[in-house]
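>>> Got a predicted model here, sequence first, then my questions.
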Protein chains: 4
Amino acid sequence: MICKSLIPPAGRRYAVEGKHGIGGGWGESMVSQFEVRIVWGDCDEQGIVFYPTFFYWMDSAFQALLRDGGYSVRSMREKYGIIGIPIVEANARFLSSVTYEEILRVEAEIRHWGKTSLRVEYKGFCGDRPIFEGFEARVWLARANNGQPAADAIPQAFKNAFAAAGAQD
Amino acid sequence: MICKSLIPPAGRRYAVEGKHGIGGGWGESMVSQFEVRIVWGDCDEQGIVFYPTFFYWMDSAFQALLRDGGYSVRSMREKYGIIGIPIVEANARFLSSVTYEEILRVEAEIRHWGKTSLRVEYKGFCGDRPIFEGFEARVWLARANNGQPAADAIPQAFKNAFAAAGAQD
Amino acid sequence: MICKSLIPPAGRRYAVEGKHGIGGGWGESMVSQFEVRIVWGDCDEQGIVFYPTFFYWMDSAFQALLRDGGYSVRSMREKYGIIGIPIVEANARFLSSVTYEEILRVEAEIRHWGKTSLRVEYKGFCGDRPIFEGFEARVWLARANNGQPAADAIPQAFKNAFAAAGAQD
Amino acid sequence: MICKSLIPPAGRRYAVEGKHGIGGGWGESMVSQFEVRIVWGDCDEQGIVFYPTFFYWMDSAFQALLRDGGYSVRSMREKYGIIGIPIVEANARFLSSVTYEEILRVEAEIRHWGKTSLRVEYKGFCGDRPIFEGFEARVWLARANNGQPAADAIPQAFKNAFAAAGAQD
């Protein structure tokens, strides 16, 4: 089994056929991939991945998406002065178990933009076998005038960076 | 800050006032507690807990609940011949961040029994501060006559072990 | 099996009989304890703890030792202006395997002070059964005049805080 | 920065110039590579990798080495009837810190064969920058006639599979 590069080329955009269940229209905006080979240490006594690790890979796929959009948490802090982009909700449905030596591919796409929040959706596969579907709700966390953390409006330039047509600022 | 024992006494049952948001009636059946002191290695660059770790603690609280009911995954395999009780869905909403040196208390209760599945709900606190609320949907996984993994009916004795009144088999 | 409090009282100091292998004289200075119940998610396919996790617990026991001496990494940064106290070497020898539901007790003691470094030694037990022995070499990392990270002399007051007789600054 | 494939071709063998410090003669037998991009969740409050994770990657590099030799822990159990090949000692010296978005390359080589044990050595790099050096001592764990776990002689065919010239059984 030959695995694609660990690191997809920056700004990867492609249309996906929307067959994978999370709503329709998957691939309407930028989709990034994160691939990982499952290792011994990821698995529990039943020899399958211990489920919290899937959230670690969802977060990793989000970082890959940021990278493809030209960002990282660090650069976002510097450019926009925010504290970060923390999670307020996370969810995953597990469709099939995975064991070590398998290659897990996680696709990530920002599927909803709110004023101060966003929703990232994920699909995990081993080859064509669906493994999980999940989402994260994240908030754009800045500091209010009193210095306290507070949600703030997401800059349009940031949103644009993840559009399928890809007008990056 | 004085922390209670790491290990709650077996079969702990108590009524909780149901103020914590996940439906009403929290504490109608057995509620178990899992406590952990957050350590340096649990936190990310922002100095707060990296969110997948909360799912690890939810799973840990589930094991505590099993223990309070007189079970472990290992004993369930031996007694009932099942493969396990894997996750089919997991969810958490994060209400407040946590940093190292804080004591996190996770309460777990089985809030719904299906024929072959169950729903465990979780609430996390530091002192009185709500930290997160979550749930896991788990399935009673046995083997069908053809040897393949298949959901099976949960034995009544198992369900009874987690009732508030606590008629254990 | 009854476990002691998760959190030993601050400034705990006691003499240990030196029987546990790492040199003699264990307990000549402050010894701290960290206890944890092994959970399902800590174990691999063989049903025993996946070994890197022992280093996580060694680090956790070091944080407990700092706490007992009146410190945390955060307070050390504030008080002494250091970057941190990172690891330059870590080692463990594994004497017996451990599985979930067991209580692991890790004892930590600073056994050697250099000018800019220290050596913390660890012993892990389940009850009386020795599980592992390990050490960490750590360095007192500050910033040189040119702003670059550089090892610096450890303040005497810090060293004193971990003496068995316990003259804290 | 372009990263090589996540998965080196099976049976990869190459001579390395032995400049990297762990004894001389690095590359006298098979050397495998494991590459990983550091992610946000691998880093602590200082923004650098939390050190126990390096041991997880050492273990991952060992699995890659097994794979290149035509084995996995699972196949070794089936073929040789062993329990596993657990760690009895692990060590790492940390030479430079690493942060997220960097690509870590871990090379692994079995550098010593005992009758019932082996020593795997590791070198970690980001590009040309040395990050860590480490080793694991592992034992060939079978069952004695009384059913108890006991170290046993490593089959010559297994040893041969990791020779540079590569006579695989």
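Okay, I see it.
>>> Spell out which parts of chain A neighbour chain B.
Applying CB under 8 Å from any CB of the partner chain, we find that chain A lies next to chain B at A:45-46, A:48, A:50-53, A:55-56, A:59, A:73, A:83-84, A:86-94, A:97. C-betas here are computed from N, CA, C, even on glycine.
>>> Please list all residues in contact with A:Phe55.
Taking CB atoms under 8 Å, 6 or more residues apart in numbering or on different chains, we find A:Phe55 in contact with A:90, A:92, A:134, B:51-52, B:55.
>>> on that earlier part again, so of the residues of chain A next to chain B, which ones are in helices?
Residues of these located in helices (DSSP state H): A:52-53, A:55-56, A:59, A:73.
>>> which of those has the most neighbours?
With neighbours defined as other CB atoms under 10 Å in any protein chain shown, the most crowded of those is A:Phe55; it has 27 neighbours.
>>> How about that one, nearest residue that isn't a chain neighbour?
The spatial neighbour of A:Phe55 that comes closest, neighbours along the chain excluded (CB to CB, 6 or more residues apart in numbering or on different chains), is B:Pro52 at 3.7 Å.
>>> do A:Ser60 as well
Per CB to CB, 6+ apart, closest to A:Ser60 is D:Val39, 4.4 Å.
>>> burial of the one you found, as a residue count?
D:Val39, neighbours per other CB under 10 Å, totals 20.
>>> need the contact list for it.
By CB under 8 Å, 6+ apart, the contact list for D:Val39 reads A:56, A:59-60, A:63, D:100.
>>> Specify the residue positioned farthest from the middle of chain A.
Within chain A, the residue lying farthest from the chain centre (CA atoms, centre = their mean) is A:Asn146, at 31.7 Å.
>>> quick one: what helix or strand has that one in it?
Assigned by DSSP states H and E, A:Asn146 belongs to neither a helix nor a strand.
>>> Next, find the distance separating it from chain B.
Distance of A:Asn146 to chain B, given as CB to the nearest CB, to the nearest Å: 18 Å.
>>> what does stretch A:134-145 contact?
Looking at what lies outside stretch A:134-145 - CB under 8 Å, 6+ apart - the contacts are A:22, A:54-55, A:58-59, A:62, A:80-93, A:111, A:116-122, A:124, A:149-154.
>>> Where does the prediction get shaky in chain A?
In the predicted model of chain A, residues A:1-24, A:165-169 satisfy pLDDT under 70.
>>> Quick check, central residue of it?
A:Phe62 (2.8 Å).
>>> show me the contacts for it.
A:108, A:120, A:136, A:138.
>>> who's in contact with the second one?
Right, the one you point to is A:Val120. Counting by CB under 8 Å, 6+ apart, A:Val120 touches A:58, A:62, A:65, A:108-111, A:135-136, A:138.
>>> Check A:Asp152 too.
Taking CB under 8 Å, 6+ apart, one finds A:82, A:116, A:140-142 in contact with A:Asp152.
>>> go again using 7 Å as the cut-off
Shown in contact with A:Asp152 (CB atoms under 7 Å, 6 or more residues apart in numbering or on different chains): A:116, A:140, A:142.
>>> Would you check how far apart it and chain C are?
A:Asp152 is 27 Å from chain C, where distance means CB to the nearest CB.
>>> How much space separates that residue from A:Phe158?
Using CB to CB, to the nearest Å, one gets 11 Å for the distance from A:Asp152 to A:Phe158.
>>> what's the distance between A:Ser97 and B:Pro149?
According to CB to CB, A:Ser97 stands 9 Å off from B:Pro149.
>>> Make sure A:Phe135 is indeed in a helix.
No. A:Phe135: not assigned to a helix; according to DSSP: H, G, I helix; E, B strand; the rest coil it is strand.
>>> beta partners for the nearest residue to it once chain neighbours are set aside?
Closest residue to A:Phe135 apart from its sequence neighbours, by CB to CB, 6+ apart: A:Glu121 at 4.8 Å. As for beta bridges, A:Glu121 partners with A:Glu109, A:Phe135 under DSSP bridges.
>>> what comes up buried for the host helix or strand of A:Phe34?
Secondary structure from DSSP H and E places A:Phe34 in strand A:31-37. Neighbour counts over strand A:31-37 (16 or more other CB atoms under 10 Å in any protein chain shown) mark A:31-37 as buried.
>>> that older thread, drop anything exposed from the residues of chain A next to chain B.
Neighbour counting by 16+ other CB under 10 Å classes A:45-46, A:48, A:50-53, A:55-56, A:59, A:73, A:83-84, A:86-94, A:97 among those as buried.
>>> Might you enumerate the residues of chain A proximal to chain C?
A:40-41, A:43-45, A:47, A:50, A:52 (CB under 7 Å from any CB of the partner chain).
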